[in-house]
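# coords please:
(one chain, ligands or ions: 1)
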Amino acid sequence: MLSETVLQQARAEMLDWQGSGMSVMEMSHRGKAFISIAAQAEADLRELMAIPTNYKVLFLQGGASSQFAMVPMNLLRGKAGADYINTGAWSKKAIAEARRYCQVNVVASTEKSGFSTTPVQSGLQLNADAAYLHYVPNETIGGVEFPYIPESADVPLVADMSSTILSRPIDVSKFGLIYAGAQKNIAPAGLTVVIIRDDLVGQTIAGTPTMSDYATHVQSDSMYNTPPAYAWYMAGLAFAHLKNKGGLVAMAEINQRKAAKLYAAIDHSDFYANPVTRESRSWMNVPFTLADAALDAAFLEEASERGLMTLKGHRSVGGMRASIYNAMPEAGVDALIELMADFEARYG
Ligand SMILES: *Cc1c(COP(=O)(O)O)cnc(C)c1O
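Numbering: from 1, shown residues only. Alright, predicted model coming up:
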């Protein structure tokens with residue numbers, strides 16, 4: 001979902017951005033107008049996340065999936081291996097890609113539990129000589145979220161924050177690198193945000209393509225080649241909107257409340273179930289099953305009649321998944337809870 005406020009502003013500016021006579025889609029990315037849009041977006045993201053000055057912010061293409069390879073290419077820095085935590089589908093993809101470049105040490109895995117929880121800090125078998133520690137703070141498909149930031153001492157911490165970035169304040173200084181595909185919690189598809197501590201830039205492995213070297217993008221303010229200009233602009237609108245709503249402290253409060261009421265509705269019913277241990281439940285992605293999977297289609301049909309879309313669970317897990325990202329208003333969660341109660345009353 002995108003915020004309606006953001007979509008309306010984009011509509012109002014669609015044909016003529018602030019008197020420029022052009023749509024943002026038509027602008028040269030080297031022109032004054034777009035450069036101001038780009039710079040403002042970065043400034044607003046820096047303010048929202050309180051990003052320290054020794055971190056670079058990049059606006060790239062290729063999705064989070066490209067980062068699965070760019071991270072080892074850039075961050076191995078002569079080391080043989082990297083540590084990875086495996087908490088679900090996206091962790092596994094990151095691990096498989098990293099194996100093309102280095103020895104991957106899986107320092108904890110919750111696969112045996114069906115990815116229904118997160119490992120505790122004391123359960124991480126960390127290697128002091130690892131190039132970095134990679135984890136996925138929020139596993140989008142399983143709806144499993146770390147309730148803490150792993151402690152990795154001097155080893156840079158790398159996080160795929162695609163589905164949790166901007167959901168609450170975080171201490172960026174604890175991370176070496178953060179990346180996120182924009183399409184979950186920021187903007188339309190096509191943009192990938194990377195936040196990288198500056199000492200980690202510029203030590204790629206031999207053969208790294210120019211486009212895969214963070215230094216390329218740092219040196220050119222993410223304009224080495226044509227950037228995803230419209231998605232970058234939309235991200236900027238979303239950042240400004242979040243600032244107006246009170247920033248990430250306010251978002252955290254709203255997000256926590258939205259998630260809590262949905263989990264409460266699931267837990268107070270024998271008809272719906274969520275498999276994730278309480279402390280590791282995601283604020284953003286809430287998977288749930290119906291007592292009888294044969295009713296899934298009817299549930300989805302009724303949901304869609306009420307304007308509740310995209311509730312079908314990922315094809316790998318089935319059931320339902322409510323993605324209640326920043327842009328999902330609390331009223332949307334209330335409407336889902338009402339449908340769930342109605343449906344249960346008739347079929348439960
Ligand atoms: C969606 C998602 C991805 C994949 O993102 P793309 O931008 O499509 O490559 C990776 N990691 C997580 C956690 C995701 O939710």
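# all helices of the stretch 51-200 of the chain, in order?
63-75, 89-98 (DSSP state H, counting those that start in this stretch).
# Tell me which of these sits nearest to residue 137.
Closest approach to residue 137 among the helices of the stretch 51-200 of the chain is made by helix 89-98 (10.2 Å; C-beta to C-beta). Using the backbone N, CA and C atoms, a C-beta is placed for each residue, glycine as well.
# and the nearest residue to residue 47 once chain neighbours are set aside, how far is that from the ligand?
Leaving aside its sequence neighbours, residue 47 sits nearest to residue 243 (C-beta to C-beta, 6 or more residues apart in numbering; 6.8 Å). From residue 243 over to the ligand the distance is 24 Å, taken as C-beta to the nearest ligand atom, to the nearest Å.
# cool, and residue 278?
Counting by C-beta to the nearest ligand atom - residue 278 and the ligand are separated by 21 Å.
# just to revisit the earlier point, how about TSV for the helices of the stretch 51-200 of the chain, with distance to residue 52 added?
Listed next are the helices of the stretch 51-200 of the chain as TSV, based on distance: least, C-beta to C-beta, whole Å:
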stretch	distance to residue 52
helix 63-75	18
helix 89-98	25
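# Beyond the helix or strand that contains the residue nearest to residue 47, next helix or strand please.
Using DSSP states H and E, residue 243 maps to helix 229-244. Elements were assigned by DSSP H and E; along the chain past helix 229-244, the next helix or strand is helix 247-267.
# ok, and for that following helix, which residues are buried?
Neighbour counts over helix 247-267 (16 or more other C-beta atoms under 10 Å) mark 247, 248, 251, 252, 254, 255, 258, 259, 262, 263, 265, 266 as buried.
# For the nearest residue to the second one once chain neighbours are set aside, grab the count of nearby residues.
The reference is to residue 248. In this structure, residue 248 finds its nearest non-sequential neighbour in residue 169, 4.4 Å apart by C-beta to C-beta, 6+ apart. Residue 169 has 14 neighbours, counted by other C-beta atoms under 10 Å.
# Please name the residues that touch residue 169.
49, 50, 247, 248, 249, 252 (C-beta atoms under 8 Å, 6 or more residues apart in numbering).
# got it, and residue 340?
265, 266, 269, 272.
# burial of the residue of the stretch 101-250 of the chain found nearest the ligand, as a residue count?
Distances between the stretch 101-250 of the chain and the ligand by C-beta to the nearest ligand atom are smallest at residue 181, namely 2.8 Å. Residue 181 has 25 neighbouring residues, counting by other C-beta under 10 Å.
# How about it: what's its closest non-neighbour residue?
Using C-beta to C-beta, 6+ apart, the nearest residue to residue 181 is residue 64, at 3.9 Å.
# Quick one: residues contacting the one you found.
90, 160, 162, 179, 180, 181, 192.
# By neighbours, which of the residues you listed wins?
Neighbour-wise, the contacts of residue 64 (other C-beta under 10 Å) top out at residue 160, 28 neighbours.
# That one contacts residue 93, correct?
No. Contact between residue 160 and residue 93 fails when scored by C-beta atoms under 8 Å: they sit 9.3 Å apart.
# how close does residue 280 sit to residue 119?
Distance of residue 280 to residue 119, computed by C-beta to C-beta, to the nearest Å: 9 Å.
# try residue 224
Taken as C-beta to C-beta, the span from residue 224 to residue 119 is 38 Å.
# ok, these two, which is more surrounded?
Under the neighbour definition other C-beta under 10 Å, residue 224 and residue 119 were set side by side, and residue 119 has more, 20 against 16.
# Not counting its neighbours along the chain, what's nearest that one?
Per C-beta to C-beta, 6+ apart, closest to residue 119 is residue 108, 3.8 Å.
# So that neighbour is in contact with residue 95, correct?
No. Assessed by C-beta under 8 Å, residue 108 is found out of contact with residue 95, at 11.9 Å.
# Now do the shared contacts for the two.
Counting by C-beta under 8 Å, 6+ apart, the shared contacts of residue 108 and residue 95 are residue 86.
# contacts for stretch 186-196?
Stretch 186-196 is touched from outside by 2, 45, 49, 51, 55-64, 66-67, 165-166, 172, 175-183, 214, 217-218, 228, 230-232, 234-235, 237-238, with contacts defined as C-beta under 8 Å, 6+ apart.
# Among the residues you listed, name the buried ones.
Of these, these count as buried by 16+ other C-beta under 10 Å: 2, 45, 49, 51, 55-60, 62-64, 66-67, 165-166, 175-183, 214, 217-218, 228, 230-232, 234-235, 237-238.
# For residue 15, see how far away residue 248 is.
Taken as C-beta to C-beta, the span from residue 248 to residue 15 is 33 Å.
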